[in-house]
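Quick one: sequence plus predicted model below, questions after.
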Amino acid sequence: MAGSFKAFVVNKVSDHFVSGILDMTRDSLPEREVVIRVDYSSINYKDGLAITGKAPILKTFPIVPGVDYAGTIQMSASPDLHPGDRVIVNGFEVGERHWGGFAQYAGAKADWVVPLPERFSTWQAMAIGTAGYTAMLCVMTLEDQKVRPDDGDVLVTGASGGVGGVAVALLAKLGYTVIASTGRPETQDYLKELGAAGFIGRDELTGNGRPLNTARWAGAVDVVGGVTLANVLSMIKYGGAVAATGLAGGGDLPATVYPFILRNVALAGVDSVLCPKPRRVEAWRRLAKDLPEAAIEAVASTIPLGDVPKAAEDIMANRVKGRLVVDVNA
């Protein structure tokens, strides 16, 4: 591997975050079973929180953020992983407690590493990224809860974001009628391209609703949480389910038990960080099978490593549509 390489590093000095691109050496890498030459990372909501300091995401300093990355194995002490293998890494507190993807090289534990499906390039893998992988886990969860396309409309909240956009595309491809909720009307044409059949404004789900509202949806993917999730639960049809995976709208859940005991509604949490490896592999297999090629191109744009701080501010200000792929070599 190269004698030196570039990395975006965050440090904490006297309670202030200091960050920038530094030249690193091989000795800088943490001791891990696998060394990966990173092609691309991506910037996610959690990265935005970490880099801007709006939440205590980063657990150790100095650290390279970036909760996911894709590239090629350079060195491996694992019998199941070999130099030249194209792989994906995300979760397991990568970019929080462990060296993340905003660098040209990274060290990883073998258990963190997932083979990249042959269909995808490393750019496409990060265009999908943690957000798309999480969206696939949500879709799989609705399937586990027996929500079927002919049961009725399915709602996706936060649809203009990374998880929401991929969820819209996947559900539409699988035959569901998808209703997209977004507070950004200017993204409706984009969401129609992904497969959304209808829209509701974010404001319709943010008021203080009744314990039970009119039943409207067979299921939902919720990335917002808070009052929005409470209202969504109150509008799910009998026997329906919600896959919940975000808290952009808050961590509280001001709901009642009525949807659960009167409509037999299921609320299923979806975690992407500690998800077991077999389900991770299955999620990426399903993405390779079910995510339309056009959707990958539609949801993502590319930025260089030096633009990460600005992108973090933009994602926190809700100025980002879809996914931002980070070219760590640009």
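Ah, there it is.

And the contacts of the helix or strand where Val308 lies?
Counting by DSSP states H and E, the element that carries Val308 is helix 308-316. Helix 308-316 has contacts (C-beta atoms under 8 Å, 6 or more residues apart in numbering) with 8, 19, 43-45, 47-52, 54, 65, 102, 303, 320, 324, 326. C-beta coordinates here come from the backbone N, C-alpha and C atoms, glycine included.

how about 6 Å then?
Residues outside helix 308-316 that contact it (C-beta atoms under 6 Å, 6 or more residues apart in numbering) are 8, 43, 48, 51-52, 102, 303, 320, 324.

So what's the residue count around the residue nearest to Thr141 when sequence neighbours are not counted?
Excluding the flanking residues, the one nearest Thr141 by C-beta to C-beta, 6 or more residues apart in numbering is Ala243, at 4.2 Å. For Ala243, the neighbour count with other C-beta atoms under 10 Å is 29.

returning to that earlier point: got the angle for the helix or strand following the helix holding Val308 vs helix 308-316?
Stepping forward along the backbone from helix 308-316, the first helix or strand reached (DSSP H and E) is strand 323-327. Here the directions of strand 323-327 and helix 308-316 differ by 170 degrees (axes from the mean of the first three to the mean of the last three C-alpha atoms, to 10 degrees).

Return the list of helices and strands in contact with strand 323-327.
Helices and strands in packing contact with strand 323-327 are listed as strand 34-43, helix 122-144, strand 300-304; criterion 3 or more C-beta pairs under 6 Å, 6 or more residues apart in numbering; DSSP states H and E.

quick one: the next helix or strand after the first one to chain centroid distance?
Using DSSP H and E, the helix or strand that directly follows strand 34-43 along the chain is helix 45-52. With C-alpha atoms, centre = their mean, to the nearest Å as the basis, helix 45-52 stands 13 Å off its chain's centre.

C-alpha coordinates for helix 45-52, CSV please?
Once non-C-alpha atoms are left out, helix 45-52 reads as follows in CSV (Å, rounded to 0.1, in the frame of the first residue of the first chain):
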residue,chain,number,x,y,z
TYR,A,45,-27.2,12.0,8.9
LYS,A,46,-25.1,10.5,11.7
ASP,A,47,-21.9,11.9,10.0
GLY,A,48,-23.6,15.3,9.9
LEU,A,49,-24.3,15.1,13.7
ALA,A,50,-20.7,13.9,14.4
ILE,A,51,-18.8,16.5,12.3
THR,A,52,-20.9,19.5,13.3
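
Of all the residues in the next helix or strand after that helix, which ones are buried?
Next helix or strand after helix 45-52 toward the C-terminus (DSSP H and E): strand 68-76. When burial is assessed from 16 or more other C-beta atoms under 10 Å, strand 68-76 yields the following buried residues: 68-71, 73, 75-76.

partners of strand 68-76 in the sheet?
Strands that pair with strand 68-76, judged by DSSP bridges, come out as strand 34-43 (antiparallel), strand 86-90 (antiparallel).

Could you say which of those is packed most deeply?
Looking across the strands paired with strand 68-76 with neighbours counted as mean count of other C-beta atoms under 10 Å, the highest average goes to strand 34-43: a mean of 26.

all helices of the stretch 101-250 of the chain, in order?
For the stretch 101-250 of the chain, the helices defined by DSSP state H, counting those that start in this stretch occupy 122-144, 162-173, 188-194, 226-234.

buried stuff in the first one?
Going by neighbour count (16+ other C-beta under 10 Å), the buried part of helix 122-144 is 122-142.

Give me the packing partners of that helix, helices and strands only.
Checking 3+ C-beta pairs under 6 Å, 6+ apart, helix 122-144 ends up next to strand 34-43, strand 68-76, helix 162-173, strand 236-244, helix 277-290, strand 323-327.

at 7 Å instead, please
Applying 3 or more C-beta pairs under 7 Å, 6 or more residues apart in numbering; DSSP states H and E, one finds that helix 122-144 contacts strand 34-43, strand 68-76, strand 86-90, helix 162-173, strand 236-244, helix 277-290, helix 293-299, strand 323-327.

which residues are contacting the fifth one?
Contacts of strand 236-244 with the rest of the structure, by C-beta atoms under 7 Å, 6 or more residues apart in numbering, involve 138, 141-142, 145, 147, 152, 215, 217-222, 225, 229, 232-233, 259, 263-270.

Just the buried residues out of those residues, in ChimeraX syntax.
Under the burial definition 16+ other C-beta under 10 Å, those of the contacts of strand 236-244 that qualify are selected in ChimeraX by:
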select :138,141,142,145,147,152,215,217,218,219,220,221,222,225,229,232,233,259,263,265,266,267,270
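
So which of the contacts of strand 236-244 belong to strands?
Counting by DSSP state E, the members of the contacts of strand 236-244 that fall within strands are 217-222, 266-269.

thinking again about what came up before, switch the helices of the stretch 101-250 of the chain over to a markdown table; also include distance to Ala106 and mean pLDDT.
Formatted as a markdown table, the helices of the stretch 101-250 of the chain follow (distance: least, C-beta to C-beta, whole Å; pLDDT from 0 to 100):
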| stretch | distance to Ala106 | mean pLDDT |
| --- | --- | --- |
| helix 122-144 | 13 | 97 |
| helix 162-173 | 21 | 95 |
| helix 188-194 | 31 | 95 |
| helix 226-234 | 34 | 97 |
